[in-house]
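Student: Need a 3D model of the sequence below.
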Amino acid sequence: MTVTPERTAPSATAVADGLQFPTSVVFDDEGRSYVAESGLPFGGAPAGGRVWRLDTRPGRPRRTLVADGLAGPVTGLCLHEERLYVSEGGAGRITRIDPDGSRTTIVDGMPGPGNYHTNMAVVGPDRKLYFSQGAMANLAVIGLDAYEMGWLRRLPHAHDVPGLDIVLTGQDAVTPNPLPDLPGEQATTGAFVQFGTPTTAGQRIAAGLPCTAAVLRCELDGSGLELVAWGVRNGFGLGFLPDGRLLALDQGADDRGSRPIGNVPDLLFEIRPGAWYGWPDFVGGEPVTAPRFQPERGAAPTFLLANHDELPPPERPLVEFEPHAAATKFAVVPAAAERFAGQLVVPLFGDEAPMCLPGGGPNVGRYLLRVDPADWTTHRIPLGIPLHRPIDVAFGPDGALYVVDFGEFEMSDKGVQAKAATGCLWRIDDWSAVASDVDGRGADR
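Tutor: This is a model prediction of the structure:
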């Protein structure tokens, strides 16, 4: 489907610049925005997450510090009944901030440290707090990629915890041993166990709570934690459609570590209670053994779980995004919008080559997509502004689209290459006037 553009670019305004690697934005009933900075000390940025309130009304302070010293990375903000819920991924907790600035820990003790974290929270129609917990490892086996990223140096390194009862095939990985407190020059590591721990065929591991690679929920005060669904590798973006359906953006596994996998797309799922979303043995309903997932950095993955027949059938996605595009969060176009009401706007953060896949190719992502739930097609939105790493989007009470740009951030053979204070909150006043072409494809439900 091709639509003729009505103009070359929408009107864009930098509402707040100089931000330190921001990740999230929300609005209150008075039209003020709240922006969370991740707290990641890249490029000399100060450590510790912060939340800012931004007010553009005449005579009001433009920028007010609401909270600081939060455990980075801060992965999400949720505003409900004048209370902020902040996901402090670095501490495995969700903190409530009341209007008077007081803080209350709502969720605590989530698995970590690991490759991924406790992600953004959202309040559901049932007035419960929904959030996701990312995986500890790329594909359920702790490997030297965790060591290279710094996680394995923090001992004991957390391993993945299943959300359903599983039986292992006993597939282990043998790697050089970088840890002085483990005997021998090599380490044998299986799935769902600590680095340096072998497994055996037929070994049973009971479901845990909290678990990893899952969507969970609890009461607004943090009580009654329960599993919603398992097998969502890293559901960084979570939200409800107006009809009450819960959606999650699941970031795909990488070509790295002891269980590499190639060409894995990011996925948009509808989350159904009790369902299994396939991780660590299926991707969008397809087995990891499929030829399309052949990695470049190692042997093709084999199954880790021996009891697929005891688990729910792996769910298929609504949308497949380009591999390594890093679909992060989404916003639903308001019902009052002149065009595209009820559709989704999704930022694509972009790849992290050469860490997550071999380098040398063109950049992936770093732009916005519109997703049409009528047929789950995707359409690129050409904003015409210099986005570095779009990570969150929201619609303000003024009807404008607001885009959070994480800032200048790239990976290299020498590690993170980032520039502090390059994050920005953009306001796009007439984004819907920019037509766009199909940029991806829907997937069978």
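Student: pLDDT score for residue 391?
Tutor: We have a pLDDT of 98 for residue 391.
Student: what sits against it?
Tutor: Going by Cβ atoms under 8 Å, 6 or more residues apart in numbering, residue 391 touches 22, 23, 24, 328, 329, 347, 349, 404, 405, 406. For the C-beta atoms, the positions are set from N, CA and C on the backbone; glycine is no exception.
Student: Dump those residues to TSV, plus distance to residue 219.
Tutor: Output for those, formatted as TSV (distance: Cβ to Cβ, whole Å):
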residue	distance to residue 219
22	29
23	25
24	22
328	27
329	24
347	30
349	31
404	29
405	34
406	32
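Student: Tell me the one of those residues nearest residue 377?
Tutor: In terms of Cβ to Cβ, no member of the contacts of residue 391 lies closer to residue 377 than residue 347, at 17.6 Å.
Student: got any ranges where the chain has weak pLDDT?
Tutor: Within the chain, the ranges that satisfy pLDDT under 70 run 1-9, 61, 149, 151-156, 435-445.
Student: List phi and psi for the most far-flung residue of it relative to its centre.
Tutor: Distance from the centre of the chain peaks at residue 59, with 37.1 Å (Cα atoms, centre = their mean). Main-chain dihedrals, residue 59, degrees, to the nearest 10: phi 80, psi 0.
Student: Quick one: the strands in the stretch 1-150 of the chain, in order.
Tutor: For the stretch 1-150 of the chain, the strands defined by DSSP state E, counting those that start in this stretch occupy 12-19, 22-27, 33-37, 49-54, 63-70, 74-80, 83-88, 93-97, 103-107, 118-123, 129-133.
Student: The last one packs against which elements?
Tutor: Same thing as strand 129-133. On a contact count with 3 or more Cβ pairs under 8 Å, 6 or more residues apart in numbering; DSSP states H and E, strand 129-133 meets strand 103-107, strand 118-123, strand 214-218, strand 235-240.
Student: One more pass at 6 Å, please.
Tutor: strand 118-123, strand 214-218 (3 or more Cβ pairs under 6 Å, 6 or more residues apart in numbering; DSSP states H and E).
Student: Return the distance of that strand from the chain's centre.
Tutor: 11 Å (Cα atoms, centre = their mean, to the nearest Å).
Student: now swap in the fifth one and tell me
Tutor: For strand 63-70, the distance between its averaged C-alpha position and the chain's averaged C-alpha position is 23 Å (Cα atoms, centre = their mean).
Student: Which residues in it does the neighbour count mark as buried?
Tutor: Buried residues in strand 63-70, counted by 16 or more other Cβ atoms under 10 Å: 66, 67, 70.
Student: mind listing what the second one touches?
Tutor: If a contact means Cβ atoms under 6 Å, 6 or more residues apart in numbering, then residue 67 has 51, 97 as its contacts.
Student: Report the beta-bridge partners for it.
Tutor: residue 51 (DSSP bridges).
Student: Look up how far residue 35 lies from it.
Tutor: 12 Å (Cβ to Cβ, to the nearest Å).
Student: likewise residue 352?
Tutor: According to Cβ to Cβ, residue 352 and residue 35 sit 23 Å apart.
Student: and if you look at residue 289?
Tutor: 43 Å.
Student: neighbour count winner among these two?
Tutor: More crowded of residue 289 and residue 35, by other Cβ atoms under 10 Å: residue 35, with 26 against 14.
Student: Would you enumerate the residues in contact with the residue lying closest to residue 140 once chain neighbours are set aside?
Tutor: If the residues on either side of it in the chain are set aside, residue 140 comes closest to residue 280, at 3.8 Å by Cβ to Cβ, 6 or more residues apart in numbering. Shown in contact with residue 280 (Cβ under 6 Å, 6+ apart): 139, 140, 304.
Student: 7 Å - rerun?
Tutor: Taking Cβ atoms under 7 Å, 6 or more residues apart in numbering as the criterion, residue 280 is in contact with 139, 140, 191, 304.
Student: That one and residue 373: what is the separation?
Tutor: 28 Å.
Student: Ok, residue 44 next?
Tutor: For residue 44, the distance to residue 373 (Cβ to Cβ) stands at 42 Å.
Student: May I see the buried residues of stretch 165-179?
Tutor: Using 16+ other Cβ under 10 Å as the test for burial, stretch 165-179 gives 166, 167, 168, 169, 171, 172, 173, 175, 177.
Student: who's in contact with the first one?
Tutor: The one in question is residue 166. 205, 305, 307.
Student: Of those residues, which belong to strands?
Tutor: Cross-referencing those against strands under DSSP state E gives residue 205.
Student: Using a markdown table, please lay out the contacts of residue 166 together with neighbour count.
Tutor: Output for the contacts of residue 166, formatted as a markdown table (neighbours: other Cβ atoms under 10 Å):
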| residue | neighbour count |
| --- | --- |
| 205 | 18 |
| 305 | 21 |
| 307 | 14 |
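Student: out of the contacts of residue 166, which one sits closest to residue 229?
Tutor: For those, the residue nearest residue 229 by Cβ to Cβ is residue 305; the value is 16.3 Å.
Student: is it true that the closest one touches residue 278?
Tutor: No. Judged on Cβ atoms under 7 Å, residue 305 makes no contact with residue 278 at a distance of 10.2 Å.
Student: Helices of the stretch 101-250 of the chain, residue ranges please.
Tutor: 144-148 (DSSP state H, counting those that start in this stretch).
Student: hang on, residue 384 is in a helix, isn't it?
Tutor: No. Read with DSSP: H, G, I helix; E, B strand; the rest coil, residue 384 is coil and lies in no helix.
Student: Next, count neighbours for it.
Tutor: 14.
Student: Filter the contacts of residue 280 down to the buried ones.
Tutor: Among these, the ones that count as buried (16+ other Cβ under 10 Å) are 139, 140, 191, 304.
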